[in-house]
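# what follows is a predicted protein model with its sequence.
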Amino acid sequence: MFKSLSSRAARQLLQPATTSSITRRYAHAPAVFDWKDPLGSSNNYTEEELAIAETAESYCQERLLPRVLDAYRNEEYDRNILAEMGELGLLGATIQGYDCAGVSSVASGLITRAVERVDSGYRSGMSVQSSLVMGGIDEFGTEEQKQKFLPGMTKGKILGCFGLTEPNHGSDPGSLETVAKPHPSKEGYYSLSGSKTWITNSPIADVLLVWAKLQETGKIRGFLVERENCPPGTLETPKLSHKNGLRASITGMIQMDGVPVTKEMMFPHVEGLRGPFSCLNSARFGIAWGTIGALEDSIARARTYALERRQFKNNPIAKYQLVQKKLSDATTDAAYGILAALQVGRLKDEGKAAPEMISMIKRQNCDRALINARHLQEIFGGNAVSDEYHIGRHVANLFVTQTYEGQSDIHSLILGRAITGIQAFV
Ligand SMILES: Cc1cc2nc3c(=O)[nH]c(=O)nc-3n(C[C@H](O)[C@H](O)[C@H](O)COP(=O)(O)OP(=O)(O)OC[C@H]3O[C@@H](n4cnc5c(N)ncnc54)[C@H](O)[C@@H]3O)c2cc1C
């Protein structure tokens, strides 16, 4: 029975426990449950990761939290936020070289968790810059493209956006209609035409990573469009207003009518959906961490409220079992979610994270964060309606995180395909 154990370990297990061996085994202080870190995930971070998390957490609580209510109410995104994050080394943080920090995937996850603890919109703006655009350039760009964009982007001086979704093609980007054809009058240029929608950061982006079909091959290719090089009338990026979620981020369209792009600004060696999906994988990994940050903030706020609010015989509502169950469910899902993201993060750095693993944590953490935040919202009673309690904002935001970068049902289909070998998309 104990064959697989070393003989010393087996002997120890088979020995009857004596008082002294019990005392020895439990001599250290009894473990204490911490509702903020229920399964002790912080034991698994390196010193460097903990220091990065602390820097990100302090910045977010001291600089972002005081701005979020006004930003959300007025649907205003301050582009200086990306410059501030850049100063701290938080942008494109996993990239090696080009003035980027070169930290672990887990450290980058801790950064997104800290940002989304304040607001999913702030995390979205950062994820687009870091994972979708900088990550894409780092993975697929030429050396010239990297030198040109990455040092400015990591400082938040050059802002990027990622244009994949179109008005008629969201979950099915393979059908996208934006086209790149040889420019009719400019030698060595392509001409891009088409329309993208729901694009985070598009109204303020200096460089737009646009995915278009090359007319010559019908294959999807990535193009780096520089706003300053677009002649008047070829590029418009109108803001989409009156959103009911993610209001602290800026979202817009990309409308292209013969945008001239030099051939040097196309990603040279990647075609088809591998390009955009690879960028999305990194961003989805960040979302899996971030949404747990939003859930953790919801838990902390609901707990405080439940301890302070008194009903029936002056009892804090935290005394009641139904309220405690909501807190228990949410805390459990947050703890499981962070451990799963941590595991995938470690595998990612070892090159062992399959895309389906990322689909799994993206889907699970978004779904559980949304469902739990929605239940925690009930603890606030009527006050949940006031934005000053923050919970309603998290719930509205978390709906969007469940929808973008692969709606949860689409990730179910990705997992279903991996489990059964049969694809159910079409
Ligand atoms: C605030 C915000 C920011 C965004 N930022 C960006 C960005 O920066 N860049 C970018 O490119 N995109 C961005 N998006 C777009 C986002 O990724 C898409 O909205 C998302 O992929 C879903 O596409 P869709 O809206 O066209 O929905 P649809 O594809 O029309 O899907 C609608 C519903 O149908 C379901 N569905 C579709 N096909 C199937 C199927 N085969 N089987 C079962 N169910 C199916 C979906 O799961 C979903 O529930 C953003 C969206 C929002 C709201």
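That came through, no problem.

# got the CA positions of stretch 54-66 in PDB?
This file holds the C-alpha atoms of stretch 54-66, laid out as PDB (Å, rounded to 0.1, in the frame of the first residue of the first chain):
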ATOM      1  CA  GLU A  54       2.000  46.000  -3.400                       C
ATOM      2  CA  THR A  55       3.100  48.800  -5.800                       C
ATOM      3  CA  ALA A  56       0.100  48.200  -8.100                       C
ATOM      4  CA  GLU A  57      -2.300  48.000  -5.100                       C
ATOM      5  CA  SER A  58      -1.000  51.300  -3.600                       C
ATOM      6  CA  TYR A  59      -1.200  53.100  -7.000                       C
ATOM      7  CA  CYS A  60      -4.700  51.800  -7.700                       C
ATOM      8  CA  GLN A  61      -6.100  52.600  -4.200                       C
ATOM      9  CA  GLU A  62      -4.400  56.000  -3.900                       C
ATOM     10  CA  ARG A  63      -4.700  57.300  -7.500                       C
ATOM     11  CA  LEU A  64      -7.400  55.400  -9.300                       C
ATOM     12  CA  LEU A  65     -10.100  54.800  -6.700                       C
ATOM     13  CA  PRO A  66     -10.600  58.600  -5.900                       C
END
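
# in it, which residues are buried?
Neighbour-count burial for stretch 54-66 flags 55-57, 59-60, 64-65 (criterion: 16 or more other Cβ atoms under 10 Å). Backbone N, C-alpha and C define where each C-beta goes, glycine included.

# same check on stretch 315-329?
317-318, 323, 326-327, 329.

# one more: stretch 37-45?
Burial within stretch 37-45, assessed by neighbour count using 16+ other Cβ under 10 Å, is assigned to 38-39, 41, 45.

# and the ligand, which of those contact it?
Within the set of the buried residues of stretch 37-45, contact with the ligand (Cβ under 6 Å from any ligand atom) is found for no member.

# which ones among those are found in strands?
Assigned to strands by DSSP state E, none of the buried residues of stretch 37-45 qualify.

# which residue, other than its chain neighbours, is closest to the residue in the stretch 51-200 of the chain that the ligand sits nearest to?
Going by Cβ to the nearest ligand atom, the ligand is nearest to residue 170 of the stretch 51-200 of the chain, at 1.8 Å. Once flanking residues are discounted, residue 170 sits nearest to residue 198: 7.6 Å by Cβ to Cβ, 6 or more residues apart in numbering.

# got it, and residue 144?
Among residues not flanking residue 144 along the chain, residue 264 sits closest, at 6.7 Å (Cβ to Cβ, 6+ apart).

# just the pLDDT for that neighbour.
On pLDDT, residue 264 comes in at 97.

# that one belongs to a strand?
No - per DSSP: H, G, I helix; E, B strand; the rest coil, residue 264 lies outside any strand segment and is helix.

# so what does the helix or strand where residue 419 lies touch, helix or strand wise?
Using DSSP states H and E, residue 419 maps to helix 408-420. The criterion is 3 or more Cβ pairs under 8 Å, 6 or more residues apart in numbering; DSSP states H and E, and the helices and strands that helix 408-420 contacts are helix 355-377.

# can you tell me the average pLDDT over the helix it packs on?
Mean predicted confidence for helix 355-377 is 98.

# mind listing what's buried along that helix?
For helix 355-377, by 16+ other Cβ under 10 Å, it's 357-377.

# stretch 183-195 too?
Neighbour-count burial for stretch 183-195 flags 183, 189-195 (criterion: 16+ other Cβ under 10 Å).

# returning to what we had before: from the buried residues of stretch 54-66, which is closest to residue 296?
Using Cβ to Cβ, residue 57 comes nearest to residue 296 of the buried residues of stretch 54-66, at 11.1 Å.

# for residue 145, state which of the buried residues of stretch 315-329 is nearest.
Out of the buried residues of stretch 315-329, the member with the shortest distance to residue 145 (by Cβ to Cβ) is residue 329, at 46.4 Å.

# helix/strand/coil for that closest one?
Residue 329 falls in the helix class when you classify it by three-state DSSP.

# gap between the residue lying closest to it once chain neighbours are set aside and the ligand?
Using Cβ to Cβ, 6+ apart and skipping residues adjacent in sequence, the residue nearest residue 329 is residue 372, 6.1 Å away. Distance, residue 372 to the ligand, using Cβ to the nearest ligand atom, to the nearest Å: 20 Å.

# equivalent analysis for residue 254, please.
Distance from residue 254 to the ligand, by Cβ to the nearest ligand atom: 9 Å.

# how about that residue, secondary structure?
strand.

# do residue 181 as well
Per three-state DSSP, residue 181 ends up strand.

# for it, what are its contacts?
190-191, 193, 215-216 (Cβ atoms under 8 Å, 6 or more residues apart in numbering).

# just flag the most distant two among these.
Using Cβ to Cβ, those span at most 14.9 Å, a distance reached by 193 and 216.

# list the contacts of the closest residue to residue 395 other than its chain neighbours.
Among residues not flanking residue 395 along the chain, residue 373 sits closest, at 4.9 Å (Cβ to Cβ, 6+ apart). By Cβ under 8 Å, 6+ apart, the residues touching residue 373 are 294-295, 298, 330, 391, 394-395, 398.
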